[in-house]
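In: What shape does this take:
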Amino acid sequence: MNFTAFRYFNEVANSKAIRRAADRLHVTPSAISRQISLLEHQLGAPLFERTKSGVELTAAGVMLERYTRRLFRDLDRVREGIAAFRSLDQGEVKIHAMEGVLSNFLPEAICAFMEHHPGIDFQVTTCSSDLIMEALIRDETDIGIIYNPELRFEIDVAAERKEPVVCLVAPDDEFAGLSRVSMQQLCKRPLALPRPSFGLRQLFDRTAEARQNKLRIVVEANNLDILRAMAVQGRCVTIGPAISARREIDAGLLKAIPIDLESFANVRSAVCVHQERVPSYAANAFVKFLKSRFPLVASA
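Out: So this is what the prediction gives:
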């Protein structure tokens, strides 16, 4: 197999057009077409289908794209490792994280790490648990920080800690003076909840269904800031880990009320990595750093 052909194929797969790939690689479209034809001949299967807007991967192309994506990602890591030579004077760490850790924990951890390694850059993406897991599996990120993860066999947990689900309410809400609330009480209130792709929502839905509780969801969003803001206004209540509402709680805008369920009390947030990927020096060092700030807890 030809390395140049793999590089050309990978660029076409990413740009979805031979001409755009040629512009990015500074070669002619015919040169790319020849290399792709060579690959298709060697593999005995078409890799692309032409469309009105460009090209789309065939089933065989999807398989090859997964391989070439890992190949070039690993090559980048090797280059970074050779350049850094274990000194951590340069490099990049990609993190996909649940939104809740961004208010305090993750920025504090990154800043503390950068005090010792100012040459390391970070790319942080926030999304739902399902998308974080997918990014890890597709090798699009180095580290995933996931709330209530439903782990797959490809994923390892580097560190985890308890992060109970609590009810978040305005200080003058009828729940504000309670020491804890039941699921039945919670489900009688207007709710602001994350969308079903969030691990938090999946846990809540499973629990409500098992107890045959009917829900009145008045706001559904893929942004936890919106849900907390709705709770601050006092028109509804929301749920989440207390860490996600630390600023509002410290400011006296929200109160965190424990929910009287063991399944909610034992929820964990986890630092996850792909077990088959060799991390870059920078990513490996940051995972170790997170472990010291994200205590490992024993499984229940």
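
In: What lies in contact with the helix or strand hosting residue 6?
Out: Using DSSP states H and E, residue 6 sits within helix 3-15. Helix 3-15 has contacts (C-beta atoms under 8 Å, 6 or more residues apart in numbering) with 18, 21, 24-25, 27, 31-32, 35-36, 38-39, 47-48, 54-55, 57, 61, 64-65, 68-69, 71-72. All C-beta spots, glycine's among them, are computed from the backbone N, C-alpha and C.

In: Show me the shaky parts of this structure.
Out: Segments of the chain classed as low confidence (criterion: pLDDT under 70) are 1, 80-88, 100-103, 295-300.

In: Do you have the strands of it handy? List them.
Out: Ranges of strands in the chain, per DSSP state E, are 48-50, 55-57, 91-97, 120-126, 143-147, 155-162, 165-169, 191-194, 217-221, 237-241, 255-258, 268-274.

In: In contact with the closest residue to residue 224 other than its chain neighbours, which residues?
Out: Leaving out its chain neighbours, the residue that sits closest to residue 224 by C-beta to C-beta, 6 or more residues apart in numbering is residue 99, at 4.7 Å. Residues near residue 99 by C-beta under 8 Å, 6+ apart: 126, 223-225, 244.

In: Highest neighbour count among the residues you listed?
Out: Highest neighbour count within the contacts of residue 99, by other C-beta atoms under 10 Å: residue 244, with 30 neighbours.

In: from memory that residue sits against residue 224, does it?
Out: Yes: counting by C-beta atoms under 8 Å, residue 244 touches residue 224, with 5.6 Å between them.

In: hmm, back to that, just put the strands of the chain in a markdown table and tack on distance to residue 9.
Out: Compiled in a markdown table, these are given as follows (distance: least, C-beta to C-beta, whole Å):
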| stretch | distance to residue 9 |
| --- | --- |
| strand 48-50 | 9 |
| strand 55-57 | 10 |
| strand 91-97 | 23 |
| strand 120-126 | 25 |
| strand 143-147 | 28 |
| strand 155-162 | 28 |
| strand 165-169 | 45 |
| strand 191-194 | 38 |
| strand 217-221 | 39 |
| strand 237-241 | 43 |
| strand 255-258 | 51 |
| strand 268-274 | 23 |
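
In: can you tell me which residues contact residue 213?
Out: If you count contacts by C-beta under 8 Å, 6+ apart, residue 213 has them with 183-184, 187, 207.

In: From residue 198, how far out is it?
Out: Counting by C-beta to C-beta, to the nearest Å, the gap from residue 213 to residue 198 is 19 Å.

In: Please apply the same query to residue 77.
Out: Distance from residue 77 to residue 198, by C-beta to C-beta: 30 Å.

In: Looking at the two, which is more packed in?
Out: Neighbours per residue (other C-beta under 10 Å) separate residue 77 from residue 198, with residue 198 holding more: 24 against 21.
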